[in-house]
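> Requesting a structural model of the entry that follows:
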Amino acid sequence: MISDDIMPIFKDYEEEIDSDYFSKGKIFEYLQSHDIVEKDIFSEALLTKDEALRELSLGRILGFMPIEVETFVFRMPLYFMVCFEDGKEDEPIIYSIFELIGNYAKPMDIFAAKKYKYYTNEEMFEALTDMYIMWCIDVIDMVNYIPKVEAVLPDENMNGIMIWHDYVKRCVEHHNYNFTPDYFIYEYNTILEKDGQEPIKFPIKTINELEDQPDWIEITPEDFIEKVSDHIAIKGKFPSDPNGNVVLRWINILIKNPGGVKSFHDENEKIIGEVWFGVSPTMELYVKNLFPEDEYKGKNEWYRLYTGPRMMAFDYKVLKKYRTENNMTQQNVADAVGTTLRTYQKWEKGETTPDCDYLLRLMNWLNIKSPKDATAWRKDWDATEQT
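Model (predicted):
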């Protein structure tokens with residue numbers, strides 16, 4: 001039953017209900033005769049006789065849990081709101097708020113469940129009710145804006161409703177009342193940083209979308225960059241500032257000494273789909289937690305994606321490593337590659353460096369499979385020391 005204290009609120013919200021689609025009398029009768037509201041109120045209230053529209057509308061009411069009449073009354077504007085797509089005024093969208101919430105009903109995979117909090121339908125309705133009652137955000141604005149928030153998040157498992165709710169709360173604390181900014185991620189990450197919180201970070205994707213290939217295909221760090229003549233390309237879903245520039249500090253990369261940065265937007269002008277870094281002799285590019293299992297296992301793993309030639313050198317230490325693994329003496333190796341024992345000993349101690357001919361012979365004889373296995377990286381900047 002609607003209490004005397006709640007009746008004025010019911011009367012106010014009743015005025016907002018579209019009588020072309022809902023029976024205000026049926027809603028009132030139901031609430032007056034029940035203490036707990038079940039989802040059958042939505043079928044009783046719906047007036048349309050169009051069976052297809054009725055089935056589609058009621059099909060959106062999934063996961064509705066019984067609630068007290070008082071709570072239901074406060075949420076009436078959310079429940080009984082009708083939307084229309086642009087240019088389709090004859091095709092009403094009824095109970096659309098349930099569809100927005102229902103998008104988050106699907107279970108998360110093991111990696112996402114470790115990384116993100118799962119919110120119940122009740123928690124999401126509480127957040128939307130807060131925004132409507134406390135901060136006067138129109139329900140139509142909610143329905144239109146939440147998909148825009150979802151479109152710029154880096155992971156579909158992130159809850160756009162709760163992230164937007166958190167942004168609005170922080171805006172109020174900072175006396176900023178632009179609740180629906182054009183560049184949501186830019187504004188949200190900026191306010192998170194002001195509050196001393198970690199901003200949302202964006203991962204990079206494989207260049208050839210190898211994540212869609214069978215599990216037996218091994219993905220390596222090299223699959224995440226594309227080197228084209230004078231630049232390195234990375235792809236993904238990256239944040240843009242209002243001037244159309246990529247915000248590099250919000251991408252899970254560390255880069256030093258690029259020869260320029262160029263951004264390319266995807267079909268959503270608020271999102272950058274590709275970034276080019278001009279290569280330079282001292283450029284270094286790392287990416288953090290490249291694979292989902294890295295974060296799942298609590299790692300803080302950095303992968304080297306590119307290093308300019310001046311940031312690398314021959315790693316003399318591998319000579320002794322591979323020689324002992326192959327049970328060879330220094331004389332064995334010197335004889336095999338055609339040099340003197342003393343010359344080889346200088347190579348192994350790092351006193352001198354073999355030229356390219358001898359380096360090829362050493363790699364062949366010691367079974368060093370890749371030049372990377374014989375490469376040392378300069379230590380003036382080490383991504384593994386970054387947070």
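> which regions of the stretch 51-200 of the chain lie under the pLDDT threshold?
Scanning the stretch 51-200 of the chain for pLDDT under 70 picks out 86-87.
> which residue is nearest the centroid of this structure?
Nearest residue to the geometric centre of the chain (Cα atoms, centre = their mean): Pro154, 2.3 Å.
> can you pull the contacts of that one?
Neighbour list for Pro154: Ile200, Lys201, Phe202, Pro203, Gly236, Lys237 [criterion: Cβ atoms under 8 Å, 6 or more residues apart in numbering]. All C-beta spots, glycine's among them, are computed from the backbone N, C-alpha and C.
> who wins for most neighbours among these?
Highest neighbour count within the contacts of Pro154: Phe202, with 24 neighbours (other Cβ atoms under 10 Å).
> where's the nearest residue to that one once chain neighbours are set aside relative to Leu128, distance?
Sequence neighbours aside, Pro154 is the residue nearest to Phe202 in space, at 4.5 Å (criterion: Cβ to Cβ, 6 or more residues apart in numbering). Remark: distance between Pro154 and Leu128 (Cβ to Cβ, to the nearest Å) = 23 Å.
> same question, Asp109
Taken as Cβ to Cβ, the span from Asp109 to Leu128 is 26 Å.
> So if I had to pick from those two, which one is more boxed in?
Counted by other Cβ under 10 Å, Asp109 and Leu128 do not tie: Leu128 has more neighbours, with 24 against 12.
> quick check, nearest of the contacts of Pro154 to Asp141?
The nearest member of those to Asp141, counting by Cβ to Cβ, is Ile200 at 22.2 Å.
> And the closest residue to that closest one other than its chain neighbours, how close does it get to Asn257?
Excluding its sequence neighbours, the residue lying closest to Ile200 (Cβ to Cβ, 6+ apart) is Asn189, at 5.8 Å. Asn189 sits 25 Å away from Asn257, going by Cβ to Cβ.
> what's the answer for Thr340, then?
Thr340 is 40 Å from Asn257, where distance means Cβ to Cβ.
> Please apply the same query to Leu319.
Counting by Cβ to Cβ, the separation of Leu319 from Asn257 is 30 Å.
> which residues of the stretch 101-250 of the chain fall in helices?
Listed in chain order, the helices of the stretch 101-250 of the chain (DSSP state H, counting those that start in this stretch) span 110-115, 121-133, 139-152, 160-173, 184-194.
> Quick one: residues in contact with the third one.
Read that as helix 139-152. 77-78, 81, 83, 96-97, 100, 103, 128, 131-132, 156, 160-161, 163-164, 180, 184-185, 237, 239, 268, 270-271.
> run the last query once more with 6 Å
For helix 139-152, the external contacting residues (Cβ atoms under 6 Å, 6 or more residues apart in numbering) are 77-78, 81, 83, 96, 100, 160-161, 164, 180, 184-185, 268, 270-271.
> Quick check on those: which are buried?
Listed as buried from those are 77-78, 81, 96, 100, 160-161, 164, 180, 184-185, 270-271; burial here means 16 or more other Cβ atoms under 10 Å.
> Just send the residues you listed back as TSV, with distance to Met7 too.
Supplementary listing: these in TSV, determined by distance: Cβ to Cβ, whole Å:
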residue	distance to Met7
Pro77	16
Leu78	19
Met81	21
Ser96	27
Leu100	29
Gly160	35
Ile161	30
Trp164	32
Thr180	32
Phe184	38
Ile185	43
Lys270	44
Ile271	47
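> Nearest to Glu68 among those?
Set against Glu68, the nearest of the buried ones among the contacts of helix 139-152 by Cβ to Cβ is Leu78 (15.6 Å).
> Doesn't that closest one belong to a helix?
Yes - going by DSSP: H, G, I helix; E, B strand; the rest coil, the assignment for Leu78 places it inside a helix.
> Okay, and the residue nearest to it when sequence neighbours are not counted sits in which element?
Using Cβ to Cβ, 6+ apart and skipping residues adjacent in sequence, the residue nearest Leu78 is Ile97, 5.0 Å away. Using DSSP states H and E, Ile97 sits in helix 96-102.
> Grab the nearest non-local neighbour of Gly273.
Nearest one to Gly273, counting by Cβ to Cβ, 6+ apart, is Asp266 at 3.4 Å.
> how many other residues sit next to the one you found?
14.
> Relative to Leu46, how far out is it?
39 Å.
> likewise Ala105?
22 Å.
> Counting neighbours, go ahead and name the busier of those two.
Leu46 (19 against 12).
> Look through this protein and report the residue furthest from the middle.
Most peripheral residue of the chain (Cα atoms, centre = their mean): Thr340, 57.0 Å.
> Run a quick neighbour tally on the closest residue to that residue other than its chain neighbours.
Among residues not flanking Thr340 along the chain, Ala334 sits closest, at 6.2 Å (Cβ to Cβ, 6+ apart). By the criterion of other Cβ under 10 Å, Ala334 has 19 neighbours.
> before we move on, which element is Ala334 in?
helix 330-337.
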